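J.: can't give you the sequence, but here's the structure:
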């Protein structure tokens, strides 16, 4: 009886090992980015990452604290890696947007499937520190009243985003998080009055930006791994039948 249990245990462990290998060979972890020498200009109708000013995209730099890995070898995305972010024209950009964030030298693509929304309230006057508002109804980004390190009232402009992520392996991951920029000495109601609305646009705001995102594995093992897993499960079943 002990002799028959050993192969079955080994086979079961093999199947679990194959599954764990397949699951880990895809994008997973935390991704932090900064604008580097670039920045972002936000208006009621456009989000323009620069340079260049205007279409089609702008740069980002991977920041410290990034733990995201990719590929069959679970390679770490290192701080200092660079990439591009596609500009967004509100009401014109169609989702899903493939290749929203791509890396200059890595086989990684973060596709955009959802933006925002911000809070329902558009009352940006008289906010308490930590409270938020949308600059206009349906805005994908929102404004939060904060204090900077000197204690001055400032505004954090937050753009929640998410979607799917792929690398050079067959698995698929999901990513979610937010871009943030902080406007020192400017209140949310001032930002609201500056940019206007899509039907009555005003000016724009320009600043550096950062982003923090979580990437989780949700895909399925690649076909070859599925075949090996199937063979392992079949072997387990055969051993059970022989034992009976």
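T.: Sure, I can see it. If you're wondering where the values come from, they're calculated on a predicted model, not measured in any experiment.
J.: packing partners of the longest strand seen in the chain?
T.: Across the chain, the strand with the greatest residue count (assigned by DSSP state E) is strand 153-166. For strand 153-166, the elements it packs on are strand 97-103, strand 109-115, strand 142-147, strand 173-183, helix 188-195, judged by 3 or more CB pairs under 8 Å, 6 or more residues apart in numbering; DSSP states H and E. Using the backbone N, CA and C atoms, a C-beta is placed for each residue, glycine as well.
J.: tell me where this structure has helices.
T.: 2-24, 188-195, 223-243 (DSSP state H).
J.: mean pLDDT lowest where, among those?
T.: For the helices of the chain, mean pLDDT drops lowest on helix 2-24, to a mean of 43.
J.: what about the protein, any weak spots by pLDDT?
T.: 1-25, 219-244 (pLDDT under 70).
J.: can you list the strands that the longest strand of the chain pairs with?
T.: Strand pairing for strand 153-166, determined by DSSP bridges: strand 109-115 (antiparallel), strand 142-147 (antiparallel), strand 173-183 (antiparallel).
J.: ok, which of those strands comes nearest residue 190?
T.: With CB to CB, the closest approach to residue 190 among these belongs to strand 173-183: 8.5 Å.
J.: relative to helix 188-195, how tilted is the closest one?
T.: 100 degrees (axes from the mean of the first three to the mean of the last three CA atoms, to 10 degrees).
J.: next, the buried residues of strand 173-183.
T.: Neighbour-count burial for strand 173-183, counted by 16 or more other CB atoms under 10 Å, picks out 173-175, 177-183.
J.: who's in contact with that strand?
T.: Here strand 173-183 makes contact (CB atoms under 8 Å, 6 or more residues apart in numbering) with 26-28, 31, 40, 42, 110, 146, 148, 154-166, 191, 205, 207-219.
J.: my guess is residue 78 contacts residue 62, does it?
T.: Yes: if you go by CB atoms under 8 Å, residue 78 and residue 62 touch, sitting 6.8 Å apart.
J.: what about those two, which has more around it?
T.: Per other CB atoms under 10 Å, whichever of residue 78 and residue 62 has more neighbours is residue 62, with 21 against 9.
J.: now for the closest residue to residue 66 other than its chain neighbours, how many residues are close by?
T.: Closest residue in space to residue 66, ignoring its immediate chain neighbours: residue 32 at 5.0 Å, by CB to CB, 6 or more residues apart in numbering. When neighbours are defined as other CB under 10 Å, residue 32 has 19 of them.
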